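# Fold the following.
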Amino acid sequence: MGVDLESLSEATSGAIGSLLSTTILYPLDTCKTKYQAEVRVAHGQQKYRNLSDVLKEAISNRQVLSLYQGLGTKNLQSFIAQFVYFYGYSYFKRLYLEKSGSKSVGTKANLLLAAAAGACTAIVTQPLDTASARMQTSEFGKSKSLWRTLTEGSWHDAFDGLGINLLLTSNPAIQYTVFDQLKLRLLKRNQNEGDKGSSPVALSAFSAFMLGAISKTIATILTYPAIRCKIMIQAAESAEGKDKKARPSKTRKSIPQVALWIMKGEGPLGFFKGLRAQILKTVLSSALLLMIKEKINATTWVLILAVQKSLLLTRASSRRLKGA
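Numbers count the residues shown, from 1 in each chain. The predicted structure follows:
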């Protein structure tokens, strides 16, 4: 069975888009993560009342560059995650169409395929995701290296949040299903099928940005309580506050435990603390990712076809020489 070139093209362009969008928005991501990781003890004080308080702390402590702590790990995790996701998502869709004989993937099937790709991605990248969250939520200037972060606890600690991450596969499943359905409708009028070897039809940068923003907003609102719980489970100990009665730092954190902390300290609305910041960051990140992916996908496709053609010519030439 040969390499699925279209899936490879989707995966490569998606991974590059993720790398660029993650780097551009990383300081905002760090502020958002530290803000979300803090939970207020009942009737107690909060260190960060607003997202801007995190930025003010970094500036006042002359630790602005610390807003980039963990960037290398985040980029590595993001690149691998998006490559695995886009390859799996594209491959599963093509396999489904081949096996079912359908001309298009329905909404229900699309959700299942996207969730399957997301589950594979979560398992492969979980240690990097956990390490990245701990590095971001460490005190400014005190972030540890990737190796130290991964090895300071047990192997099980590296997979903190895997269960909730598998639950959150519904987020990209919803996002990309909405994006694909909107994209298909938008391109339906002028769609030109052309030859199989031709470049896939692409959205304009503005259209991709807008569809990415809409699809990610819907997915984020629906899954946000789980997102906040995940960040608190993975957060570094220093970001958890100092009230040991409220937060037993030496015990492994679980979903029921962090949910109880939020409910006691902040009430039901606490599950949506930082929602605006999450939407701002994830919508911008996703929209940039999809915009970059759509714009470079055609180029990536052409390059992959050129490489394939070159390899075929080399093989043909080699066979002729052997036969001579």
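# Go ahead and name everything in contact with the helix or strand where Lys34 lies.
Assigned by DSSP states H and E, Lys34 belongs to helix 26-37. Outside of helix 26-37, the residues within contact range by C-beta atoms under 8 Å, 6 or more residues apart in numbering are 22, 48, 50-55, 67-71, 74, 133, 136-137, 227-228, 231-232, 235-236, 239-240, 273-274, 277-278, 280-281, 284-285. Glycine gets a C-beta too; all of them are placed from N, C-alpha and C.
# Let's see that with 6 Å instead.
48, 51, 54-55, 67-68, 71, 136-137, 228, 231-232, 235, 239, 274, 277, 281 (C-beta atoms under 6 Å, 6 or more residues apart in numbering).
# Write the PyMOL selection for whichever of those residues are buried.
In PyMOL, this line selects whichever of those come out buried by 16 or more other C-beta atoms under 10 Å:
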select buried, resi 48+51+54+55+67+68+71+136+137+228+231+232+235+239+274+277+281
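# Among the contacts of helix 26-37, which lie within helices?
51, 54-55, 71, 136-137, 228, 231-232, 277, 281 (DSSP state H).
# Can you list the low-confidence ranges for the stretch 101-250 of the chain?
Residue ranges of the stretch 101-250 of the chain with pLDDT under 70: 189-202, 237-250.
# so where do the helices sit in it?
In the stretch 101-250 of the chain, the helices defined using DSSP state H, counting those that start in this stretch lie at 107-137, 146-151, 162-167, 170-187, 205-234.
# Put together CSV for the ones you listed, with distance to Leu28 on each row.
Output for the helices of the stretch 101-250 of the chain, formatted as CSV (distance: least, C-beta to C-beta, whole Å):
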stretch, distance to Leu28
helix 107-137, 11
helix 146-151, 22
helix 162-167, 21
helix 170-187, 19
helix 205-234, 14
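# tell me which of the ones in helices among the contacts of helix 26-37 is nearest to Ala122?
Ile231 (14.9 Å; C-beta to C-beta).
# Show me the residue sitting in the middle of the chain in space.
By C-alpha atoms, centre = their mean, the chain has its centre lying nearest to Ser78, at 6.1 Å.
# Can you spell out which helices and strands pack onto the helix or strand containing it?
Using DSSP H and E, Ser78 falls within helix 71-100. Using 3 or more C-beta pairs under 6 Å, 6 or more residues apart in numbering; DSSP states H and E as the contact test, the elements touching helix 71-100 are helix 5-24, helix 107-137.
# Quick check: phi and psi on Trp155?
phi -60, psi -30 (degrees, to the nearest 10).
# what's the neighbour count on Lys74?
Neighbourhood size, Lys74 [other C-beta atoms under 10 Å]: 25.
# residue contacts, Cys229?
Taking C-beta under 6 Å, 6+ apart as the test, what Cys229 contacts is 255, 258.
# Save the helices and strands packed on helix 71-100 as JSON lines, and put in distance to Arg62 too.
Converted to JSON lines, the helices and strands packed on helix 71-100 look like this (distance: least, C-beta to C-beta, whole Å):
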{"stretch": "helix 5-24", "distance to Arg62": "23"}
{"stretch": "helix 107-137", "distance to Arg62": "19"}
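# looking at those helices, which is closest to Tyr96?
Among those, the nearest to Tyr96 by C-beta to C-beta is helix 107-137 (6.2 Å).
# shouldn't the residue nearest to the centre of the chain be in contact with Ile16?
No: Ser78 is beyond contact range of Ile16, at 10.6 Å (criterion: C-beta atoms under 6 Å).
# how far away is Lys281 from Gly88?
24 Å (C-beta to C-beta, to the nearest Å).
# what does stretch 55-68 rub up against?
Stretch 55-68 has contacts (C-beta under 6 Å, 6+ apart) with 26-27, 30-31, 140-141.
# Closest one to Leu162 out of those residues, please.
Of all the contacts of stretch 55-68, the one sitting nearest Leu162 is Thr30; the distance, using C-beta to C-beta, is 22.6 Å.
# per-residue confidence averaged over the helix or strand containing Ala306?
Here Ala306 sits within helix 275-323, counting by DSSP H and E. Confidence over helix 275-323 (mean pLDDT, whole number) is 77.
# what's the angle between it and helix 26-37?
130 degrees (axes from the mean of the first three to the mean of the last three C-alpha atoms, to 10 degrees).
# elements contacting helix 275-323?
So helix 275-323, by 3+ C-beta pairs under 6 Å, 6+ apart, packs with helix 5-24, helix 26-37, helix 205-234.
# Among those helices, which comes closest to Ser100?
helix 5-24 (17.3 Å).
# Now the phi/psi pair for Glu152, please.
Note on Glu152: its backbone torsions stand at phi -70, psi -20 [degrees, to the nearest 10].
# just Gly101 next, same as before
Backbone torsions for Gly101, taken as degrees, to the nearest 10, come to phi 80, psi 10.
# contacting residues around it?
Counted by C-beta under 6 Å, 6+ apart, Gly101 has zero contacts.
# Next, the contact list for the closest residue to Met135 other than its chain neighbours, please.
Nearest residue to Met135, sequence neighbours excluded (C-beta to C-beta, 6 or more residues apart in numbering): Gly70, at 3.1 Å. By C-beta under 6 Å, 6+ apart, Gly70 lies in contact with 132, 135-136.
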